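S.K.: output the structure for:
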Amino acid sequence: MKLLCYVLSTFLIFAPFSAVLAKAPETAKIVFTSRRDGNFEIYIMNPDGSDQINLTEHRANDFAPVWSPTGEQILFTSDRGGIEDLYFMDPDGTNVRQVFKKLIGREFPTWSPDGKALTYHRFHTLSVYTASSDGKNEKELAEDGLWPAWSPNGSEIAFMASKFVWADNGNLRAPNVRVQIINLQTHVEEKLLPVDTSMFDPAWAPDSTQIAFSWTGKAVGGSMGIHVVNRNGRGLRKIIEAEDGMAAFNPTWSPDGNELIYNKGVGGIRDLFKVALDGGVPEQLTHRRGDNFNADWFDPAFALPVSPQPSLLTATWGKLKTQK
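M.R.: Just a heads-up that it's a prediction; the model follows:
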């Protein structure tokens, strides 16, 4: 599982929130996690894998970075405060600051498409939460859920659902993991597919019409690897096959919706690959030992200053804040 359950006692670097956001990258950039330096750090690189730069350079573990919709901030998870929780930083790695005043164990966040809200999970309760991006209005959205992903049209959140249980040895047991989707206006939940067979890492296409995910166990027809399916559960197709016992997992869409970045084991090490959805040859982006994973792709050519459906998002977030 993707949960990191260790705790390090490290000094908290905290900077007050700046009223002026940093400048977004002028060219397309991929942000990702790497353990090449002995601990988890956040790196940035070009879409072809060149110019890989360490942004965090911190003795704590920093991981799971995601771009803000406008590219002016990076949201990530870190245990630099003594427990894993959420932080912001500028695209050059400066101006690191906590999202929440109280650190209680939050991980793997994503943004709402208008940048006004966040979704993530808490690893103590193993539940999905939402909050405003200023660290307020925190609400539990779904029990028994991990790894949430907000749809680009703002109306739904997909997540991994199961009856998660912490075992005595500290490992997380997750039987029959499936991809579940919750409608933020009605709060109705539904399965993406009518199966419960080790489905992980849901990722929305930029137009919200498809979801990529990984099957890491026996699935329909014994299939393993990266798959894409229409939002209505139809049109299932395999994009990447698992090979030599090495699973392919953790897909991320390119901003234009034509490519996927994903993880695959190479000699026991996780590396990042890129592949075109029209059947292109996979391209390996990272080659440094120590695991490279959790990629997120920003391109200023596809960034919007406002949400594509602002009226929907305002109504959805306004209603969400009044729940419970």
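S.K.: can you give me the helices in this protein?
M.R.: Applying DSSP state H to the chain gives helices spanning 310-322.
S.K.: low-confidence regions, it specifically.
M.R.: 1-21, 166, 168, 170, 217-223, 244-245, 304-324 (pLDDT under 70).
S.K.: ok, now how distant is residue 80 from residue 61?
M.R.: 8 Å (CB to CB, to the nearest Å). Every residue, glycine included, has its C-beta placed from N, CA and C.
S.K.: now residue 99: closest residue in space, sequence neighbours ignored.
M.R.: residue 86 (4.1 Å; CB to CB, 6 or more residues apart in numbering).
S.K.: mind listing what that neighbour touches?
M.R.: 75-77, 98-100, 106-107, 109, 118, 120 (CB atoms under 8 Å, 6 or more residues apart in numbering).
S.K.: how about the strands in the stretch 151-300 of the chain?
M.R.: Assignment of strands within the stretch 151-300 of the chain using DSSP state E, counting those that start in this stretch yields the ranges 156-161, 165-166, 172-173, 178-183, 189-191, 199-204, 210-215, 225-230, 237-241, 248-253, 259-266, 269-276, 283-284, 292-298.
S.K.: nearest to residue 43, out of those strands?
M.R.: Of all those, strand 292-298 sits nearest to residue 43, with 7.8 Å by CB to CB.
S.K.: quick revisit: using CSV, please lay out the strands of the stretch 151-300 of the chain together with mean neighbour count.
M.R.: Formatted as CSV, those follow (neighbours: other CB atoms under 10 Å):
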stretch, mean neighbour count
strand 156-161, 25
strand 165-166, 13
strand 172-173, 14
strand 178-183, 20
strand 189-191, 14
strand 199-204, 23
strand 210-215, 24
strand 225-230, 20
strand 237-241, 15
strand 248-253, 24
strand 259-266, 22
strand 269-276, 20
strand 283-284, 14
strand 292-298, 24
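S.K.: how about these in TSV, adding distance to residue 22?
M.R.: Output for the strands of the stretch 151-300 of the chain, formatted as TSV (distance: least, CB to CB, whole Å):
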stretch	distance to residue 22
strand 156-161	27
strand 165-166	38
strand 172-173	35
strand 178-183	32
strand 189-191	37
strand 199-204	26
strand 210-215	29
strand 225-230	33
strand 237-241	34
strand 248-253	22
strand 259-266	24
strand 269-276	25
strand 283-284	30
strand 292-298	13
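S.K.: what's across from residue 182 in the sheet?
M.R.: residue 157, residue 189 (DSSP bridges).
S.K.: hang on, isn't it packed against residue 155?
M.R.: No: using CB atoms under 8 Å, residue 182 makes no contact with residue 155, being 10.0 Å away.
S.K.: run through the residues that contact residue 160.
M.R.: Applying CB under 8 Å, 6+ apart, the residues near residue 160 are 145-147, 174, 177-180, 199-202.
S.K.: now for those residues: which two are most distant?
M.R.: 174 and 202, at 14.4 Å, using CB to CB across these.
S.K.: contacting residues around stretch 165-184?
M.R.: By CB under 8 Å, 6+ apart, stretch 165-184 touches 1, 3, 5, 126, 141-142, 145, 154-164, 188-193, 195-200, 202, 211, 213, 316-317, 319-320.
S.K.: how many residues are close by the closest residue to residue 58 other than its chain neighbours?
M.R.: With sequence-adjacent residues excluded and distances taken as CB to CB, 6+ apart, residue 58 is closest to residue 80, at 6.1 Å. Residue 80: 23 surrounding residues under other CB atoms under 10 Å.
S.K.: swap in residue 49?
M.R.: Neighbourhood size, residue 49 [other CB under 10 Å]: 18.
S.K.: in contact with the nearest residue to it once chain neighbours are set aside, which residues are there?
M.R.: Nearest residue to residue 49, sequence neighbours excluded (CB to CB, 6+ apart): residue 285, at 3.6 Å. Shown in contact with residue 285 (CB under 8 Å, 6+ apart): 30, 45, 48-49, 261, 271-274, 292.
S.K.: again, only using 10 Å
M.R.: The contact partners of residue 285, by CB atoms under 10 Å, 6 or more residues apart in numbering, come to 30, 32, 45-50, 52, 261, 271-274, 292, 295.
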